[in-house]
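Participant: Need a 3D model of the following:
(one chain, ligands or ions: 1)
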Amino acid sequence: MLELRGLTKRYGPMTAVDALTVEFRPGAVTGFLGPNGAGKTTTMLMVLGLLRPTAGTARVGGRPYHDLAEPMREVGAMLDAHAVHPGRSGRAHLRALAAGNRLPRARVDEVLDRVGLSAVAGRPAGVYSLGMRQRLGLAAALLGDPAVLLLDEPVNGLDPAGIAWLRTLLRDLAGEGRTVVLSSHLMSEMELTADRLVVIGHGRLVADTTLAAFLDRAAPAALLVRAAGDPVFDAALRAAGGAVRDLPEGGWLVSGLAAYEVGRLALAHGTVLTELTSRRDSLEDVFMSVTSFAGDLR
Ligand SMILES: Nc1ncnc2c1ncn2[C@@H]1O[C@H](COP(=O)(O)OP(=O)(O)OP(=O)(O)O)[C@@H](O)[C@H]1O
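Facilitator: Next comes the predicted model:
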């Protein structure tokens, strides 16, 4: 469990994190989302005791980071995948981390195996691809077998197979009862990975909800209608009571009519429909609308 209570960080007159109160729960992958500059990194640095809050608290397993006797056993973090000495092998990097944090050396090979790096663990980290460095960062986060994982943009640099692998790993880690927090400004990554979403904008909480409930904020599902041979079919849709929006790529987005009603109208007008699909706003669309007040970059 990771709890933030009134967590605030000000830089002079500018408030980077503004009285953030939220709980990140065990057994779930929570997406921590916000546009660039929303305050995600600042929040994570405060959780990890690397930045002092102006006000409020961040607690890991009920205690502030500074009170944790063996922090790597409580919270594992991946903030910067480049923070590895290039001449050191992945295995040596993890062994040094284990030694410095009084963690068993045997854990190193376990986590290398879990992140799929065993085969290249002896090579210098300097020759690792970005995806391999991400995996090494994950291995370091997992080293202390922590109950809370904070991962900053872990998808970055992974190829599609790597992304699918990471999703499974994150789901498994949550399934083991861990609190998995995944920060990103990419909504599309969350759609398949996160159970819950904590969304911030301008340092403030915008949403703390399940993924499904967040999507329900979207406009109700609409129909995408195309009738290639009938450029004025929209008039019939409007006359039947549909709210119709022209799409720049051709066709119309129709709400207020069911698919069978559109089908019947087409039959009545002798129109051939080339597309009739239901369309819902993507997570990206909903995110843009709920954070639009916070959309300007700072
Ligand atoms: N040391 C600092 N001094 C002054 N302002 C800062 C400092 N660090 C961060 N900020 C500001 O605080 C705000 C929040 O930044 P932060 O890096 O936490 O956002 P973020 O959500 O992590 O963004 P991104 O997705 O781009 O990483 C930004 O406006 C940033 O410019």
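Participant: Give me the secondary structure label for residue 131.
Facilitator: When classified by DSSP: H, G, I helix; E, B strand; the rest coil, residue 131 comes out as helix.
Participant: Strand partners (parallel or antiparallel) of the helix or strand hosting residue 5?
Facilitator: In the assignment (DSSP states H and E), residue 5 maps to strand 2-11. Here strand 2-11 has these sheet partners by DSSP bridges: strand 14-24 (antiparallel), strand 55-60 (antiparallel).
Participant: quick one, which of those is nearest to the ligand?
Facilitator: Closest approach to the ligand among the strands paired with strand 2-11 is made by strand 14-24 (3.3 Å; Cβ to the nearest ligand atom). Quick note: C-beta positions are derived from backbone N, CA and C, even for glycine.
Participant: tell me the average confidence for the closest one?
Facilitator: For strand 14-24, mean pLDDT is 96.
Participant: Pull the distance from it to the chain's centre.
Facilitator: 17 Å (Cα atoms, centre = their mean, to the nearest Å).
Participant: And for stretch 26-46?
Facilitator: So, by Cα atoms, centre = their mean, the centroid of stretch 26-46 is 8 Å from its chain's centroid.
Participant: can you give me the end-to-end distance of it?
Facilitator: 20 Å (Cα to Cα, to the nearest Å).
Participant: ok, now stretch 268-284?
Facilitator: 37 Å.
Participant: Now do the helix or strand hosting residue 181: which elements does it pack against?
Facilitator: Secondary structure from DSSP H and E places residue 181 in strand 179-184. Where contact means 3 or more Cβ pairs under 8 Å, 6 or more residues apart in numbering; DSSP states H and E, strand 179-184 is packed against strand 28-33, helix 40-47, strand 148-152, helix 160-175, helix 187-193.
Participant: so which of these is the most packed in?
Facilitator: Ranked by mean neighbour count, the helices and strands packed on strand 179-184 are led by strand 28-33 with a mean of 24 (mean count of other Cβ atoms under 10 Å).
Participant: contacting residues around residue 6?
Facilitator: 19-21, 55-57 (Cβ atoms under 8 Å, 6 or more residues apart in numbering).
Participant: Leaving out sequence neighbours, find the closest residue to it.
Facilitator: Spatial nearest neighbour of residue 6, chain neighbours left out: residue 56 (3.5 Å); criterion: Cβ to Cβ, 6 or more residues apart in numbering.
Participant: what's the burial count for the residue in the stretch 51-200 of the chain that the ligand sits nearest to?
Facilitator: Proximity of the stretch 51-200 of the chain to the ligand (Cβ to the nearest ligand atom) peaks at residue 185, 4.6 Å away. Residue 185 is flanked by 15 other residues according to other Cβ atoms under 10 Å.
Participant: State the distance from it to residue 133.
Facilitator: Computed as Cβ to Cβ, to the nearest Å, the residue 185 to residue 133 distance reads 20 Å.
Participant: same question, residue 39
Facilitator: Residue 39 sits 25 Å away from residue 133, going by Cβ to Cβ.
Participant: which bits of the stretch 51-200 of the chain sit near the ligand?
Facilitator: residue 185 (Cβ under 6 Å from any ligand atom).
Participant: in the stretch 51-200 of the chain, what spans have low per-residue confidence?
Facilitator: 81-82 (pLDDT under 70).
Participant: hmm, try it at 80
Facilitator: Scanning the stretch 51-200 of the chain with the threshold set as pLDDT under 80 gives 80-83, 156-157, 185-192.
Participant: hmm, back to that, in JSON lines: the strands paired with strand 2-11, plus mean neighbour count.
Facilitator: Converted to JSON lines, the strands paired with strand 2-11 look like this (neighbours: other Cβ atoms under 10 Å):
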{"stretch": "strand 14-24", "mean neighbour count": "18"}
{"stretch": "strand 55-60", "mean neighbour count": "18"}
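Participant: any chance of the ones you listed in JSON lines, plus distance to residue 200?
Facilitator: Shown next, in JSON lines, are the strands paired with strand 2-11 (distance: least, Cβ to Cβ, whole Å):
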{"stretch": "strand 14-24", "distance to residue 200": "7"}
{"stretch": "strand 55-60", "distance to residue 200": "14"}
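Participant: as a whole number, average confidence for the strand holding residue 5?
Facilitator: 97.
Participant: Which one, of the helices and strands packed on strand 179-184, ends up nearest to residue 129?
Facilitator: helix 160-175 (9.7 Å; Cβ to Cβ).
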